[in-house]
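1. Below: sequence and its predicted model.
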Amino acid sequence: MKKTTLAIILTLALGVVAAGCGNKEEGSKGEAAAAAPTASASAKPAEVKKIIVGTGTKFPKVAFLDENGKLTGFDVELVREIDKRLPQYEFELQTLEFSNILLSLETKKVDIGAHEFEKNPERTEKYLFNKEPYAHWKNKIIVAKDNDSVKTLDDLVGKKVLTSATSAEAQILENYNRDHDKKIDIVYQNGAANDTVSQISTGRVAATIGADFTLPLIDPQGKLKTTDEVLSEADILFVFRKNDPESQKLADDVDTAIKELKADGTLGKLSKQWLGQDFTQ
């Protein structure tokens, strides 16, 4: 009899706990909306639509796993802030290899690409970008700190240069090879940042190309340096499916949230917290 009573009590207790866990995300979203009332959040949504956001885990300070295995970083926390401002959506982050994010967008496995995507002509032909940038960067050549022989892309002809497939930096190298008879030896990788530093500092490859803010993030020990030449400048945006009315509506709503985050200073604070400076202007 006592065992039966105990079992009933435990069952009821577990039910209460389970109900609490199941409501946690919903409650968190509601609290966030209440804490940051906005024009977009003023009306209670009739339906909450789940949005899958594709990002990576190997970009230090941008999208990475911390010492506790938690996905975090500038882009990740920005997506979470945008989610709080848009009660009509529920964002779910999904981690992928960087080279698979845009492919997953095309095949509708994700709804947004979030990984410091630079807007360039090649990507604009295939994808929809939102209009409100959340960062701005300059791409430069990155070499070993004692390498004074490389100043421009011409200096990299015949040499190995590391890059990630489908990246904006890869596009710069591919465009150079398309327009010149003498080619740069492009080496594609899916490795982590520490692998990039190791390959360049040990001379296995001559260089890589990266945004100006990335060097102190991937190379805190100062084994590498940037050259002076600015190869390109670009706005950083989220990526959506092109020619898709629902994606256009989602992109417009994300723009509304980014404008609010800029206006109240949240975006600038996130940039300083994760990137060391305000790269959002």
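-> Okay, I see it.
2. Need the distance between the two termini of stretch 67-86.
-> 30 Å (CA to CA, to the nearest Å).
3. and what of stretch 274-281?
-> Termini of stretch 274-281 sit 15 Å apart (CA to CA).
4. What mean pLDDT does it get?
-> Mean pLDDT, computed over stretch 274-281, is 86.
5. cool, and stretch 157-164?
-> Computed over stretch 157-164, the mean pLDDT rounds to 95.
6. could we number from 151 for the rest of this?
-> Got it, the first residue is 151 from now on, which makes the last one we talked about stretch 307-314.
7. now the strands: where do they sit in this structure?
-> In the chain, the strands defined using DSSP state E lie at 199-205, 208-209, 213-215, 221-222, 239-245, 262-268, 277-279, 285-294, 310-314, 335-339, 357-361, 374-376, 382-391.
8. Identify whichever of those lies nearest to D403.
-> When the strands of the chain are ranked by distance to D403, counting by CB to CB, first place goes to strand 239-245 at 7.2 Å. C-beta here means a position set from N, CA and C on the backbone, and glycine is covered the same way.
9. Which strands and helices lie in contact with that closest one?
-> With contacts defined as 3 or more CB pairs under 8 Å, 6 or more residues apart in numbering; DSSP states H and E, the packing partners of strand 239-245 are strand 199-205, helix 224-235.
10. ok, now with 10 Å
-> Contacts defined by 3 or more CB pairs under 10 Å, 6 or more residues apart in numbering; DSSP states H and E place strand 239-245 against helix 174-185, strand 199-205, strand 213-215, strand 221-222, helix 224-235, helix 248-256, strand 262-268, helix 395-413.
11. looking at the ones you listed, which is buried most?
-> Each of these was scored by mean neighbour count; the highest is strand 262-268, a mean of 24, by mean count of other CB atoms under 10 Å.
12. what's the angle from that strand to strand 357-361?
-> 110 degrees (axes from the mean of the first three to the mean of the last three CA atoms, to 10 degrees).
13. relative to strand 239-245, how tilted is strand 262-268?
-> 60 degrees.
14. quick one on the thing from earlier: output the helices and strands packed on strand 239-245 in JSON lines, with distance to Q321 and mean pLDDT appended to each entry.
-> Listed next are the helices and strands packed on strand 239-245 as JSON lines, based on distance: least, CB to CB, whole Å; pLDDT from 0 to 100:
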{"stretch": "helix 174-185", "distance to Q321": "37", "mean pLDDT": "41"}
{"stretch": "strand 199-205", "distance to Q321": "19", "mean pLDDT": "97"}
{"stretch": "strand 213-215", "distance to Q321": "20", "mean pLDDT": "95"}
{"stretch": "strand 221-222", "distance to Q321": "27", "mean pLDDT": "98"}
{"stretch": "helix 224-235", "distance to Q321": "20", "mean pLDDT": "98"}
{"stretch": "helix 248-256", "distance to Q321": "12", "mean pLDDT": "94"}
{"stretch": "strand 262-268", "distance to Q321": "9", "mean pLDDT": "94"}
{"stretch": "helix 395-413", "distance to Q321": "22", "mean pLDDT": "97"}
